[in-house]
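Chemist: this one's sequence-less:
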């Protein structure tokens, strides 16, 4: 393997590792549940992306033919990461998870139908 | 009489499914193409009734530009969040923001919510049942109104242009 390719792949792996590490660090040490959500949803997408690019580059230079299968992992990650983050945040709201005092805005004014006290309206027709 | 329209209600989705299947199978043998083709026809037919509205992409080139912009923003978002997390002296100002939606279709709202979750320092937390506003949690906000404006201009307006006009 030529030196330059090797250096590039190593750089990609290192960058990916650093991003994933910072993502987990954010999850471990930020102050409340909602802030912790930010680490894994974002820092990890780029980190894993870098590692997959490194993997593609490695097998390209070893086997000689390019394999774009790894891109699928990134695609699925982009589809699933926001959905799981949204569901986690939403369940956090419903369970009224504590959030740090300095958080601005009014988060917990969920309406009655959103916490199951009133029947859910039909998305198109409303209550009628 | 069964028309092609009923067999292939969503041709673009079918093509995408076939493409993803071939990538996952890592081969372009006729057998795989046949199997992928059958799946690409059967899956949309089975799930078709769960798709509430059929939206047509009205401006593909705006979509391409939108995707590129979001990809760039994801990279920027990662650096941004990494910087916020790794800096121990930085006092974060988390904020809940009620974002009034301009979009109306549920599919485009889903796209917008996902985009917001993937881009700088924001996670979409709750969609009101009437579909009129979206609750966003932001990691570090100085100016609430500026963030709403930014989301409106960068993401919502192009999405509206692409799908709803």
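Modeler: Everything's here; your move. In this text, all values refer to a predicted model and were calculated from it rather than measured experimentally.
Chemist: Make sure residue B:98 is indeed in a strand.
Modeler: Yes - according to DSSP: H, G, I helix; E, B strand; the rest coil, the state of residue B:98 is that of a strand.
Chemist: where in chain B is pLDDT low?
Modeler: For chain B, residues meeting the criterion pLDDT under 70 lie at B:1-7, B:52-55, B:88, B:90, B:120, B:129, B:131, B:164-165.
Chemist: hey, which helix is longest across it?
Modeler: Longest helix of chain B, by residue count under DSSP state H: helix B:60-86.
Chemist: Report the buried residues of it.
Modeler: With burial defined by 16 or more other C-beta atoms under 10 Å in any protein chain shown, the residues of helix B:60-86 counted as buried are B:62-63, B:66, B:70, B:73-74, B:77-78, B:80-82, B:84-85. Where you see a C-beta, it was placed from the backbone N, CA and C, and this is true even at glycine.
Chemist: Now the residue nearest the centre of chain B: closest residue in space, sequence neighbours ignored.
Modeler: Centroid-nearest residue in chain B, with C-alpha atoms, centre = their mean: residue B:111, separated by 2.9 Å. The spatially closest residue to residue B:111, leaving aside those adjacent along the chain, is residue B:159, at 6.0 Å (C-beta to C-beta, 6 or more residues apart in numbering or on different chains).
Chemist: what helix or strand is that neighbour on?
Modeler: According to DSSP states H and E, residue B:159 maps onto helix B:157-159.
Chemist: And residue A:94, how close does it get to residue A:87?
Modeler: 11 Å (C-beta to C-beta, to the nearest Å).
Chemist: okay, these two: which has more neighbours?
Modeler: residue A:94 (14 against 10; other C-beta atoms under 10 Å in any protein chain shown).
Chemist: part of a strand, is residue B:124?
Modeler: Yes - checked against three-state DSSP, residue B:124 lies within a strand.
Chemist: For the nearest residue to it once chain neighbours are set aside, list the residues it contacts.
Modeler: What sits nearest to residue B:124 in space, not counting adjacent residues and going by C-beta to C-beta, 6+ apart, is residue B:113, at 4.1 Å. Listed by C-beta atoms under 8 Å, 6 or more residues apart in numbering or on different chains, the contact set of residue B:113 reads A:82, A:86, B:124, B:127, B:134.
Chemist: In this structure the third one contacts residue A:86, no?
Modeler: Yes - when contacts are counted by C-beta atoms under 8 Å, residue B:124 is listed as touching residue A:86 (5.5 Å).
Chemist: Could you list the domains of chain B?
Modeler: For chain B, automatic domain parsing gives the domain ranges B:4-50, B:60-164.
Chemist: Ok, which of those comes nearest residue A:74?
Modeler: Closest approach to residue A:74 among the domains of chain B (C-beta to C-beta): domain B:60-164, 10.3 Å.
Chemist: which outside residues touch the worst-scoring helix or strand of chain A on mean pLDDT?
Modeler: Lowest on mean pLDDT, DSSP states H and E among the helices and strands of chain A sits helix A:33-38, with a mean of 81. Helix A:33-38 has contacts (C-beta under 8 Å, 6+ apart) with A:26-27, A:30, A:85, A:88-89, A:92, A:97-100, A:103, B:81, B:85, B:92, B:94, B:121, B:123, B:125, B:137, B:139.
Chemist: Number of residues surrounding residue B:149?
Modeler: 11.
Chemist: Show me where chain B has its strands.
Modeler: In chain B, the strands defined using DSSP state E lie at B:95-100, B:122-127, B:133-138.
Chemist: Kindly state which of those is positioned closest to residue B:23.
Modeler: With C-beta to C-beta as the measure, strand B:122-127 is the member of these nearest residue B:23 (29.1 Å).
Chemist: the inter-axis angle of that closest one versus helix B:60-86?
Modeler: Put simply, strand B:122-127 runs at 110 degrees to helix B:60-86, going by axes from the mean of the first three to the mean of the last three C-alpha atoms, to 10 degrees.
Chemist: ok, and the closest non-adjacent residue to residue B:148?
Modeler: Nearest non-adjacent residue to residue B:148, counting by C-beta to C-beta, 6+ apart: residue B:99, 5.9 Å away.
Chemist: list the contacts for that neighbour?
Modeler: Each residue near residue B:99 by C-beta under 8 Å, 6+ apart is listed here: B:133, B:134, B:135, B:136, B:148, B:151.
Chemist: swap in residue B:62?
Modeler: Residues near residue B:62 by C-beta under 8 Å, 6+ apart: B:158, B:161, B:162.
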